[in-house]
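K.L.:
please find the sequence and the predicted model below.
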Amino acid sequence: MRGPTRRPNLRGMPRQVFPGSTVYGTELARRTVNPGAGAIGDARSFARFFAMLAGHGELDGVRLLPADRVDGFTEPRDEAGVPDRYLGGVAHVSAFGYWLGGSSPAANPAVGPDPRILHHPGAGGSISWAELDTGLAVSICHNRMHEGPFEPSGHPFVPIAEAVRAVAADLKKEN
């Protein structure tokens, strides 16, 4: 398995502020308000948030968002097929800021190709997603921040995602 690689084409983000352990592993980063990237939480918290999305706006029997609003989150942003000048390639991002499932390498390979999957990558490689058609919500957080994205062919979360989906499918059959 190949390790993370630093994308040289992130022109708007100098190494000194790249969302990896050098910056986000510090006490200062954990105390700083960063409206562009700054959600800090554990896997359970992010999984519950994405469970609300996977439930089309409902969590534990409480409606928090209208279902049509959540479904609308899958609307691709304008010029979705045009390479992003900052990222250096096509980015499957919705008009509302959620990343969408899609073909790799543009989309995270652990998420899969379904454009009705809302997800968001975290600093250091963590990821959470909501599958709107299956109701599955997943959050993978870990203790080691990676310094850059993984090559799609060697992404370590793909086997984890496949195992989670297999268990969820088995549980659905039992019920």
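P.N.:
Cool, the structure landed. Given the structure is predicted, the values throughout are model-derived calculations rather than measurements. Numbers count the residues shown, from 1 in each chain.
K.L.:
so the most centrally placed residue in the chain, which state does it fall into?
P.N.:
In the chain, the centroid-proximal residue (C-alpha atoms, centre = their mean) is His120; its distance is 2.4 Å. For His120, the reduced secondary structure class is strand; criterion used: DSSP: H, G, I helix; E, B strand; the rest coil.
K.L.:
go ahead and confirm it touches Tyr98.
P.N.:
Yes - contact criterion C-beta atoms under 8 Å: His120 and Tyr98 qualify, at 6.4 Å. For glycine as for every other residue, the C-beta is placed from the backbone atoms N, C-alpha and C.
K.L.:
distance check, Val167 against Arg31.
P.N.:
For Val167, the distance to Arg31 (C-beta to C-beta, to the nearest Å) stands at 37 Å.
K.L.:
right, I mislabeled it, should have said Arg77
P.N.:
Distance, Arg77 to Arg31, by C-beta to C-beta: 31 Å.
K.L.:
out of those two, which sits in the busier spot?
P.N.:
Arg77 (16 against 8; other C-beta atoms under 10 Å).
K.L.:
can you show me the helices along the chain?
P.N.:
21-24, 27-31, 43-54, 67-72, 157-174 (DSSP state H).
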